[in-house]
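J.: Okay, predicted coordinates and the sequence, questions at the end:
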Amino acid sequence: MNRFFSLAASSLLLAASALAGPIDGKWVSERKVERDGQSTTIVQTFELKAEGDKLTGKLNLKFGDMEPPSVDIKDGKLDGNKFSFTTTMSTPNGDFKMSYSGTVEGGMLKGTAEREGGQPRPFEAKKQ
């Protein structure tokens, strides 16, 4: 009987880690933007970690040759394959807050990113 409970407990732990695990890790999103006649690539790297229904991590940004310091992911939530979180980045023009939400679909994050006071735009990030 003890053996049965040990197997059942092990199975539950594996199942729980399988549910939380798909979003854990490094995700990379790239997009090109045109500014002042120049084409620039923006690379966002999300380092995500699920702890139950809480989502934590860091966002690293590369905008052309600029690499500002990484920012913490805040207010992160996970509900099945749905996620949401915010980031706040300090710039010479002031702080700006971004909200991200979407779903985990296999090796992709698919959703929307919205700058505070701006229009939502679609984003996709591929798991590394």
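T.: Okay, I see it.

J.: going forward, measure contacts between C-alpha atoms and count neighbours the same way
T.: OK.

J.: so how far is residue 93 from residue 49?
T.: Remark: distance between residue 49 and residue 93 (CA to CA, to the nearest Å) = 30 Å.

J.: now do residue 104
T.: From residue 104 to residue 93 the distance is 33 Å (CA to CA).

J.: Also residue 105?
T.: Per CA to CA, residue 105 is found 35 Å from residue 93.

J.: which of these two has more neighbours?
T.: residue 105 (13 against 6; other CA atoms under 10 Å).

J.: Show the contacting residues for the nearest residue to the more buried one once chain neighbours are set aside.
T.: Excluding the flanking residues, the one nearest residue 105 by CA to CA, 6 or more residues apart in numbering is residue 81, at 7.5 Å. Neighbour list for residue 81: 103, 104, 105 [criterion: CA atoms under 8 Å, 6 or more residues apart in numbering].

J.: For residue 81, report the pLDDT, please.
T.: Listed pLDDT for residue 81 reads 96.
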